[in-house]
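> Fold the following and give me the result.
(one chain, ligands or ions: 1)
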Amino acid sequence: MNDYKILVNGKMITKKEKLNITSPINSEIIGTVPALSKNDIDKIYRSSEIAFKEWSALEPKLRIKYIEDIKKNLIKMRDEISITMCIEISKPLKSCYQEFDRSIEYIDLTIKSYKDKFMNPKIIDKSIHNVEGKNGFFYRVPLGVVLAISPFNYPVNLSLAKIIPALILGNTVVFKPATQGSLVGSLISKAIYEANLPAGVFNIITGKGSEIGDYLIENNLISMISFTGGVDVGKNIANKKSMIPLVLELGGKDAAIVLKDANIVESAKEITKGTFDYSGQRCTAIKLVYLEKSIADKFIKEVSKNVLELSIGNPIDNPDITPMINQSAANWGKKLIDDAVKKGAKIITGGNMDNNLLFPTVLSEIKKNMLIFDEEQFAPIMPIVIYEDINEVVNSFNSSKYGLQGSIFSKNIKKAHELAKRLNTGTININKSSSRGPDIFPFLGIKDSGFGVQGIDWALESMSRIKGIIENN
Ligand code: NAP
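Sure, this is the predicted structure:
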């Protein structure tokens with residue numbers, strides 16, 4: 001078992017007080033990370049604040065060079081990081097490699113966007129507008145200390161998608177990975193350490209959110225928070241922090257609407273994938289399916305055939321379904337299934353659990369009084385609502401407390417566009433399940449799904465502000 005060190009104020013440190021990290025696959029301890037105290041947190045913020053002066057004043061091309069070195073170091077650690085991720089969060093190994101590669105591409109796209117759109121000031125003068133006698137130079141400048149908090153489910157992508165834009169702009173970063181994900185976090189910090197950034201530019205804080213989370217977000221030296229995680233923690237952050245920019249990417253209840261002219265085989269295949277990838281533990285997983293009555297039997301038959309073919313097992317062997325992140329996540333899924341069944345839902349397939357492994361489950365005849373109609377399951381469960389009137393679907397969709405994404409399956413693209421315009425959510429996907437990406441697209445949630453926009457350009461925008469210098473002649 002490894003004692004994972006973390007990067008704090010220019011050094012890779014360990015501590016006597018540690019957190020044991022266990023694998024969801026077999027509950028074995030796979031490593032330890034330091035459990036930082038409030039005193040450690042205070043020192044970290046001070047070091048980040050001190051480092052900001054030098055880092056933000058550095059020539060942009062030197063910061064880009066550091067980012068490129070971080071990228072090179074990460075690439076050398078591709079196997080180590082991907083395998084650690086697989087064991088730490090029980091994600092199929094192939095998906096871990098995909099997440100890693102996508103994150104490297106994210107770094108490249110961020111460097112490109114920074115060079116093309118952020119490094120130089122936007123100039124507004126009389127050649128483009130009626131501003132006789134004035135030349136405006138509008139720079140994008142960093143904010144200060146950025147607190148980046150990531151969730152367990154994408155420990156590389158959702159960490160680097162915060163850390164890299166923040167650093168390249170000249171912010172310093174305090175990074176809090178999810179506890180289940182902090183071994184990967186420690187490896188990311190090692191890659192940054194080996195790029196020799198000035199001390200304090202990047203610090204990582206490991207420790208349980210339930211113990212240090214409130215203290216972590218209260219510090220007055222924080223200039224911006226980029227958070228991805230659950231609604232409760234997100235709202236707590238929004239309640240506690242005022243007058244600084246926040247980007248909150250929270251939960252979702254993305255629904256798929258299948259119209260009667262949809263290609264049944266293709267949409268059933270896509271919806272199976274969108275629901276069960278990483279055992280449903282994705283913010284953009286399909287979490288409710290609206291099925292037009294006349295195609296319901298055929299679609300359900302097709303979906304249950306697909307679900308029965310899903311493989312189940314150890315994430316190292318790349319099955320479709322793996323043990324969930326912890327026992328309470330599996331218990332929550334089972335509670336939602338039992339509640340629905342008690343209130344009249346029909347189990348098409350699945351419904352059982354073995355420790356933290358929840359078998360892929362399809363539930364039909366879902367009604368509004370069932371918990372799973374509104375609540376985010378974050379588990380391998382497909383709840384199906386059968387509808388006759390599309391206006392009722394629009395009303396239900398729009399009354400959800402969430403608003404991350406949604407999808408529409410239909411052969412009639414024009415009709416799908418019209419329906420998409422009536423749905424109140426961040427993004428609608430036509431004939432594809434909801435998903436984050438490509439990263440060059442804006443990614444956002446409304447209502448309880450959060451606020452602020454992610455995606456390459458928008459992340460850079462959210463972590464910088466405009467500084468204007470106006471020449472008057
Ligand atoms: P979580 O329990 O809310 O944890 C997220 C992060 O917040 C972790 O680093 C956690 O640390 C930390 N934290 C916990 N309590 C805190 C506090 N009081 N103050 C500050 N930080 C605190 O979420 P999760 O279980 O990791 O992730 C699942 C949720 O994230 C789902 O709801 C999912 O939909 C959402 N999600 C959203 C998106 C999106 O882009 N919209 C993407 C991925 C996931 P500890 O691990 O130490 O508790």
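> Helix, strand, or coil at Asn236?
helix (DSSP: H, G, I helix; E, B strand; the rest coil).
> Now do the same contact list for it.
Neighbour list for Asn236: Gly213, Asp214, Ile217 [criterion: C-beta atoms under 8 Å, 6 or more residues apart in numbering]. Glycine gets a C-beta too; all of them are placed from N, C-alpha and C.
> quick one: which of those has the most company?
The residue in those with the most neighbours, by other C-beta atoms under 10 Å, is Ile217 (20 neighbours).
> picking that back up, of the contacts of Asn236, which ones also sit close to the ligand?
Gly213, Asp214, Ile217 (C-beta under 6 Å from any ligand atom).
> Helix, strand or coil: sort out Lys414 for me.
Applying three-state DSSP: Lys414 is helix.
> Report how many residues lie close to it.
Neighbour tally, Lys414, other C-beta under 10 Å: 8.
> Mind putting the contacts of Asn236 into JSON lines with pLDDT?
Listed next are the contacts of Asn236 as JSON lines, based on pLDDT from 0 to 100:
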{"residue": "Gly213", "pLDDT": "98"}
{"residue": "Asp214", "pLDDT": "97"}
{"residue": "Ile217", "pLDDT": "98"}
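> still on that earlier bit, can you tell me which of the ones next to the ligand among the contacts of Asn236 comes closest to the ligand?
Gly213 (2.2 Å; C-beta to the nearest ligand atom).
> And that closest one, how far from Thr22?
In this view, Gly213 and Thr22 are 20 Å apart by C-beta to C-beta, to the nearest Å.
> again with Val394
From Val394 to Thr22 the distance is 44 Å (C-beta to C-beta).
> who in the stretch 301-450 of the chain is up against the ligand?
Checking the stretch 301-450 of the chain against the ligand by C-beta under 6 Å from any ligand atom, the hits are Glu376, Phe378, Leu404, Gly445, Gly450.
> Show me what from the stretch 1-150 of the chain comes close to the ligand.
Looking at the ligand, the residues of the stretch 1-150 of the chain close enough under C-beta under 6 Å from any ligand atom are Ile149, Ser150.
> Name the residue of the stretch 1-150 of the chain that lies nearest to the ligand.
Counting by C-beta to the nearest ligand atom, the stretch 1-150 of the chain gets nearest the ligand through Ile149, at 4.8 Å.
> quick one, what contacts that residue?
Per C-beta under 8 Å, 6+ apart, neighbours of Ile149: Lys176, Gly209, Leu216, Ile225, Ser226, Phe227, Thr228, Gly229.
> Let's see that with 6 Å instead.
Ile149 sits next to Lys176, Phe227 when contact means C-beta atoms under 6 Å, 6 or more residues apart in numbering.
> who's it bridged to?
On the basis of DSSP bridges, Ile149 takes part in beta bridges with Lys176, Phe227.
> Tell me the spacing between it and Tyr290.
33 Å.
> With Asp3 instead?
50 Å.
> is it true that Ser48 touches Val145?
Yes. Look at Ser48 against Val145 with C-beta atoms under 6 Å: they come within range, at 4.5 Å.
> Could you list which of the residues of the stretch 301-450 of the chain next to the ligand belong to strands?
Gly450 (DSSP state E).
> Report the contact partners of Ile295.
Counting by C-beta under 6 Å, 6+ apart, Ile295 has contacts Lys260.
> go again using 10 Å as the cut-off
Neighbouring residues of Ile295 by C-beta atoms under 10 Å, 6 or more residues apart in numbering: Val258, Leu259, Lys260, Asp261, Ala262, Ile264, Ser267, Ala268, Glu302, Ile386.
> Next: Ser434.
252, 254-256, 274, 282-287, 404-407, 425-428.
> what about Glu105, neighbour count?
The burial count for Glu105: 13, using other C-beta under 10 Å.
> In terms of helices and strands, where is it?
helix 93-113 (DSSP states H and E).
> and that helix, which residues are buried?
With burial defined by 16 or more other C-beta atoms under 10 Å, the residues of helix 93-113 counted as buried are 93, 95-97, 99-100, 102-103, 106-107, 109-111, 113.
> ok, now stretch 436-444?
Arg436, Asp439, Phe443, Leu444.
> CA atoms only for it, dumped as PDB, please.
Output of stretch 436-444 as PDB, limited to C-alpha atoms (Å, rounded to 0.1, in the frame of the first residue of the first chain):
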ATOM      1  CA  ARG A 436     -20.500  16.600 -21.700                       C
ATOM      2  CA  GLY A 437     -18.500  17.500 -24.700                       C
ATOM      3  CA  PRO A 438     -17.000  17.900 -27.200                       C
ATOM      4  CA  ASP A 439     -15.100  20.200 -24.700                       C
ATOM      5  CA  ILE A 440     -15.000  22.900 -27.300                       C
ATOM      6  CA  PHE A 441     -18.900  23.300 -26.900                       C
ATOM      7  CA  PRO A 442     -20.200  25.300 -24.000                       C
ATOM      8  CA  PHE A 443     -21.500  23.100 -21.100                       C
ATOM      9  CA  LEU A 444     -23.900  24.500 -18.600                       C
END
